[in-house]
Structure formats: structure tokens, C-alpha cells
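Enquirer: 3D model of this:
(2 chains)
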Amino acid sequence: MNKRGWIFLIPAAVFGLLAAGFYAGLGIDPNVLPSPLIDHPAPRFALPPLQGEAQGFSSADLKGHVSLVNAFASWCAPCRAEHPVLNALAHTGRVPTFGIDYKDKEELARAWIAELGNPYTRIGADDGRVGIDWGVYGVPETFIVDKDGRIRYKHVGPLTEADVERTIMPLVARLER
Amino acid sequence: MIDEIGHFALVLALCIAVLQAVVPLVGAARNDAALMGWARPAALAQFLFVAIAFFALMHAYAVSDFSLANVAANSSSMKPLLYKLTGVWSNHEGSMLLWVFILALFGAAVALFSHNLPPALRARVLAVQAMIGVGFLLFILLTSNPFLRLWPTPAEGAGLNPILEDRGLAFHPPCLYLGYVGFSISFCFAIAALIEGRVDPAWARWVRPWTLAAWCALTIGIAMGSWWSYYTLGWGGWWFWDPVENASFMPWLVGTALLHSAVVVEKREALKTWTILLAIITFSLSLLGTFLVRSGVLTSVHAFASDPMRGVFILLLLSFYTGGALILFAWRAPQLAGGGLFAPISREGALVLNNLLLATAAATVFIGTLYPLLLDVVAHQKVSVGPPFYTMTFVPIMIPLLVAMAVGPMVPWKRGDLLAAFGRLKFAFLATAAAALVTLAATGARSLGAACGLALAAWLLAATLTEIAERVHLFREPLPAVLRRALSLPRAGWGMFFAHAGMAVVIAGITGSTAWTEERIVSGRPGQSFEIAGYTIALDRVSEVAGPDYTAARADMRLMRSGREIAAMHPEKRFYPVENGAATGVAIHTNLLADVYAVIGDPDGTGAYTLRLYYNPLVPWIWLGAAAMALGGLVSLTDRRHRIGAPVRRRRGAVAARVQAAE
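Expert: Purely as a prediction, here's the structure:
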């Protein structure tokens, strides 16, 4: 072997590093999106109500108690899947639930609520700007906000009963203490 | 019953592959002709049994045998027969079986068409190929078995993702796999050469047809995939730098480099270790593509089957084959005798430049594809790398490549003269300037990028035409003599002509579609008409129609230009009840210079529909050019030197002499 033989080791070494990276990568769920807003105060906003409703939804509504904020839209199929879970959660009365109707047509949203039931204490109609402030990436997304109005948790995708039991309820109980 | 035969045949194929991986290798090490002789019949038998398994699964799909879990999950009795059959590879288990089927097919082809190979080389190539077969057969049987039964048997299957129910897509995976898996042969030749410790021009000549065949299939496969996304995804795009597209593009780039560097080994006995490394990397990137798609480490629309257990298994396979090959390379490559030095301005110098640029291009795609994953591992940050990254890194590498691609073939072997080469490119300089000026004059200074793109395409096309015209003495001799020369030109010369000219056409198509696509999104009611790029599209009515396994809202549109009707267009919005899914049926009218592309969206409830209308200039050239490139590969494949080739015979004589001497 000549003096420059080590050059021929480079491809194997590079591959070794890559393979280690791949192995570590296998343990990561690509669907988990972190939110840079976790532990930061919720953005200040004031959303108008859906047509025909009395009250909109603004940052003031989040003061003094733990809240669940759910971004949804009538055009979103996974939202339809998660709706019964929200209804059941609202029925327990454990935590006030607020809705951000994201980039939606108001009459369709109203028809949707009329059809599936209304789990929300208040709903605000958002043309997309407030959603951006919240870091909404795609509907549905659900946030837990603590008593001081700070975002403490973000869930991407439809909530399931298991999510509510294992994550949402324990977190709400902890934050209320 | 047939399912069990298929399952059993797969297990038998595994046993045969184990024998084929071990016995010929021992035979080659001991120079035992009897043991080496095992390789060919074993390769043929392995193919036979994998084929039995493959067609057993296909039979289960054809008769909608929902007692197989795989069929129940991925088919339905309402499918047209074609989509039932192609449904075999629309899912993870079936597509892995197709992968192994093609692997065994290539093994059998090497066994059948390798009569001029020295027996030891042939034995080693087939043994290494069987090692790959063992790994993937084990993978199928242990983690992804398509022959598992389901009880109770459901009355109806869950169906196929509607977006996959398409003629273009039906044949996209087999082509892609022919390419991916075809590179396994180049890989096996490289490993066999490392074991033997010898690379010579004859070796390069034997590898070349296999590399060419794989390259052609991959070219067609990538083009089909891009065409499919163009006409089914419904927004006029044809390339997304999606991780899975990149996974097929990286082996193509490195495989292209391999094709060119193998020529240098053949003609000048140089670049040997580099060529071996390229052969290893090309197939490793094919394996990596399989890993990325099948393990779900990257999010992508294509990742329809992701399972961490399978990911670990494929990673083990990847580590074994690539890691093993690279360690063997580190150990043996330094001992390969290097070729002579050569001048930078020469054909081989130009090919080195080609290799450097293609390898760098592949590296940028590699980094763009894997950076998000590796960053997530190291720093737990999520990023996504999109088209802007590739525009800034990949495109600047392509420009010198295209410039050099025109000059390279003009430079002779050993020692060239750049000035003389440029002298022969007078016509190409003129064509380039003309293309740039005409583009700027016609569309204004804002399409500077487009002018550059078209100028590059003109440069390459004109240079390629000049090269072939000079070789056949066009305009210098009477026509019959020119024709005689054209016919007697080596097929590889014509292959290069078609491939390089096709590349020029692709560049023109990409430029046109990037610079001048027009798009209109309108809300339209029947009776209205819309203008786009000088065309008028009249929406006459929208009606409900029933397809074989879907219902659709189908629009009747008339495409008109200056008041005259040119074509009827019928875009559809399809709904598939079994799968509860929707798909877009795009209507495309093409005149081969530009496409008019229409998509119908959802009704808004008041009788109007969202319509998306596109005018895509030069887009058809992307696929015409890709077809010309693949044709070039096929023409080159028929070159006389692959069939006979004097060095092969000389070498066989030499081997025979050595064997006699040894005895």
C-alpha cells in the first residue's frame, strides 16, 4: 500500500457517519413539529365573531384560567374527525374551549357548527393573520394556554380520545394547580 | 393454494440465493471450475422461483383474493384489471417483491449473456449479486411478507389510493426499479474486480452495457414519474425536489458520471479506482433511495409505507452492502495499478471535468435531501429544504457542465487543442448568440434568465449537430458517401448524439416552463369563457359521469384561438367511493410547442366551479428530450463492441494461457 492509502478510507468513514445519523434519524417522528411559541405569551389579537353570533374571540378571553384553543376549518376533513372528541371534552366542562375558524367561509362554518354541534365557548373568524401569529401550520391544531396567558402545549393534527386522556387532561390539571 | 406455492417459492429462492452467494465464491478462490459452474444454474433457478412468487401474487391480485392481507389492504374487486395487476407494486410488500424480481431477472440475464466473461469473474459477479438477493429476500420474508393470510376474509378490499390509479404511474415503478436494480450489476462487477484486484479495458467494456441498460431505464422511470406528477397533481408542476424524486435523481447523476468514466478506463486505462468508487456509490444511492422511501425517515407524499422496524432492517442491509463495499474498496483499491497521466486538455480531461461536475451536482442534491434529517438528529431542529436551495446550488453547477458538454466531444484523446476545438464550434457560437438575441428581442430584457437557458440549449444542440455532421462529412462529400459514413459510424457515436441533443431539448423545455408559464385561477359558470395566452377556453357545461370505479364532475370545454375551435377539453374531478378519496383528471391540449392545461375544482355551491388554467410553453420538450436521451442509451447499447469486441477475445486467450501455465 502506498503512502496515500488513507485517502481510500474516506468513503467508508463518511458512510459510517451517515449510517450513524440514519440510525439516530429512525427514532425521530417526522410529524412532530416543535412550536417556538411554547412558554411564550399567546399573541394579542381580537377576532370578529362568525356572522350571527354575538361575541368574537380575543386575547382577553384567555386571562385567569387554563384554556384550550383549537384552530379548525369547515374545509378540513381531519377537523371533522376530531370534532366529536372536542364535543365530548366540552361536555365534561373541565376546560373552556375556544375556536379559531381558520381561513374559512363564514356561512360554511356556521353550517358546520349547526351540523356537528358547538364545543366552543367562543369562536373567532380568522382570515389567516391571527393563525400566523399563533404559528398555525395546518388545521387542525390545538393549543393549551395557562392562567397567565402563556402557550404551554401545541398539538398538530386531529385530537383523539387517547390524546385528551393521556396528554391534555393531565396537563390541564397540572396547570390549574 | 397458489398463494402458498408463491410463498414457498420465495423461501426456496432464498435458499438458492444463499448457495449462489457462497459456492461460486469459494470456487473462484480455489480456481475450481466445478464450484464456479454453480453460479449460472443457481442464478437461473433463483430467477425461476422469484418469478413464481411474483406471478402468484399477481394472480392473487387478478382474482381479488382478499384472504391475502396485502391484497385486501390494497385492492378492490371494482378495479379495472390493469389497475388490479399494477396494484401489486403500489404498496410496500409488493413493490419489494418487484424489486427482488428485477434483481433476479438481472442475475439471470448476466448468467445467460456472459459467455465471453472469464469464468472466475462471472462466478464472483453472480455470487455478489446473490448476496444482495439474500438480504432482500430475507427482508421480504421477515418484515414485509405479501403472502400473509387474513382471517376472517373480508368481502371487499380497501382499494388503491386513487391518485395511484393511472396508466403512467402503473409503469413508473418497474422502470425506476429496472434502473435502480440494474446498477446492482455494475456494483457486482466493481466488487468482483476489487476481489480479483484487477481492472482493465475489457472489464470496463463488460460493465458498460449493464450500466447503460440501467441508465436508460432510470431515465425513462424518472421522466415518467415527472410526467405523472405533471398531469395528475393538477397544478402544472413537473419536478418538486421532493426527497423521493431526489432519491431517484442522485443515482442517475452518479450513474451518468459512471458511464463516462468507464469510457476512460476502456480507452485509456485511467480513472480505475474512481470508476470502481462510482459504481459502488451509484448502487448505494439506489439502496439509499429504497431506505429513504421505505423507512419513513423523511416525510414525503411518497412515503406510503413507513415502519421503523423495516427502516432498521433496510439500514442494516445498506450498511452491510455499502459499508462492506467501501471497506473492501479502502483495502483493495490502493493496489489497483493506476493508468498513465494525461493532459488536462484532452478527451479524458473533459470526461474528468464531466465527472467532477456531475459528482458535485449529486452531492448538492444529497445534502439538500439529507440535511433536514441530519440537522434534526444533531440539533433537533426542523427545517425544510426547498426549490430555492437547488436553484442556487444545482443550477450553477449545471451551467459549466452544459458548456463543457459541447466542447468535450470536440477534443481528441490524449492531447487536444482547445483553440482548435473552439474553431470547430463557430456554428455553435452563432446559434448561441442568435438564441439569446431572439429571446431577448421577442420577450424583453426581463427574461434574461430565459435567454441564458435557451442560449445554453442552442449551444449544446448546435455543437452536438456539428460534431455528428463532421463525423459523417456532411456538406463535404456527396450525399451517398455521407449516408454510408452515417451508417458505419459506431452506434455509440449515435448514442452520444441522441443523448446530448436530448439534454439540450430538456434544457430548453425547463427554461420555457420556468420562465413563461401563465396561470389563471377563476371561478367559472357554464356558459362563460376565459382568455389565457391568446387562447379562449369556453366552459360549456359540467355534468356528472360515472367511471369504472369512480364518479366524476366532468367539464365540457372548448379550446379556441381567434374564434376557431381547436380542441375539446374535458377536465374531471373524480371521487372514488371505495377509498373515499378524490383525484384530479387534468385536461391537456398540446401542440408539442406548448401545453394548455385545465383543471376543474370544487363547486362553490352557487353553480360556479373553481377552474385553474395554465399555459405551459415548451413543457412537452422536457419529456421529448428525456425520451431522446433514453433512445441514445438504447442505440449505444446496440454498439458492435458490446457484442464482439476484440479485447474480449484477446483477454480470454490470455486467461486460457494463464490457466494452462498454472496447470
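Enquirer: tally of neighbours for A:Ala111?
Expert: Neighbourhood size, A:Ala111 [other CB atoms under 10 Å in any protein chain shown]: 13. No exception for glycine: its C-beta is placed from N, CA and C like everyone else's.
Enquirer: residue ranges with poor pLDDT in chain B?
Expert: Under the criterion pLDDT under 70, the flagged ranges of chain B are B:295-308, B:337-341, B:380-382, B:580, B:643-663.
Enquirer: which residue is nearest the middle of it?
Expert: The structure's chain B has its C-alpha centroid closest to B:Leu218; by CA atoms, centre = their mean the separation is 2.0 Å.
Enquirer: Ignoring the adjacent residues along the chain, who's closest to it?
Expert: B:Gly179 (2.6 Å; CB to CB, 6 or more residues apart in numbering or on different chains).
Enquirer: same question, A:Ala90
Expert: That would be A:Pro119: by CB to CB, 6+ apart, it lies 3.6 Å from A:Ala90.
Enquirer: what's the distance between the one you found and chain B?
Expert: Using CB to the nearest CB, to the nearest Å, A:Pro119 is found at 25 Å from chain B.
Enquirer: Contacts only, for that residue.
Expert: Each residue near A:Pro119 by CB atoms under 8 Å, 6 or more residues apart in numbering or on different chains is listed here: A:His83, A:Leu86, A:Asn87, A:Leu89, A:Ala90, A:His91, A:Thr97, A:Gly99.
Enquirer: do B:Leu141 as well
Expert: Going by CB under 8 Å, 6+ apart, the list of residues near B:Leu141 reads B:Leu10, B:Val11, B:Leu14.
Enquirer: can you put those in JSON lines and add secondary structure?
Expert: Shown next, in JSON lines, are the contacts of B:Leu141 (DSSP: H, G, I helix; E, B strand; the rest coil):
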{"residue": "B:Leu10", "secondary structure": "helix"}
{"residue": "B:Val11", "secondary structure": "helix"}
{"residue": "B:Leu14", "secondary structure": "helix"}
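Enquirer: In PyMOL, how would I select just the buried ones from these?
Expert: A single PyMOL command selects the buried members of the contacts of B:Leu141 (16 or more other CB atoms under 10 Å in any protein chain shown):
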select buried, chain B and resi 10+14
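Enquirer: Out of the contacts of B:Leu141, flag the one nearest to chain A.
Expert: Closest approach to chain A among the contacts of B:Leu141 (CB to the nearest CB): B:Leu14, at 24.9 Å.
Enquirer: From B:Gly135, how far off is that closest one?
Expert: B:Leu14 sits at a distance of 10 Å from B:Gly135 (criterion: CB to CB, to the nearest Å).
Enquirer: and what of B:Val23?
Expert: 18 Å.
Enquirer: Same check on A:Ala173?
Expert: From A:Ala173 to B:Gly135 the distance is 50 Å (CB to CB).
Enquirer: These two: which is more packed in?
Expert: Between A:Ala173 and B:Gly135, B:Gly135 has the larger neighbour count (other CB under 10 Å), namely 21 against 12.
Enquirer: Give me the nearest residue to the one residue in the stretch 51-200 of chain B that gets nearest to chain A, chain neighbours excluded.
Expert: The nearest approach of the stretch 51-200 of chain B to chain A comes at B:Leu194, 10.8 Å away (CB to the nearest CB). Counting by CB to CB, 6+ apart, B:Leu194 lies nearest to B:Arg332, which is 4.4 Å off, once chain neighbours are set aside.
Enquirer: next helix or strand past the helix or strand in which that neighbour is found?
Expert: Here B:Arg332 sits within helix B:324-332, counting by DSSP states H and E. Counting by DSSP H and E, the next helix or strand C-terminal to helix B:324-332 is helix B:347-379.
Enquirer: Does that next one reach chain A?
Expert: Yes - interface with chain A: helix B:347-379 contributes B:Leu370, B:Leu373, B:Leu374, B:Asp376, B:Val377, B:Val378 (CB under 8 Å from any CB of the partner chain).
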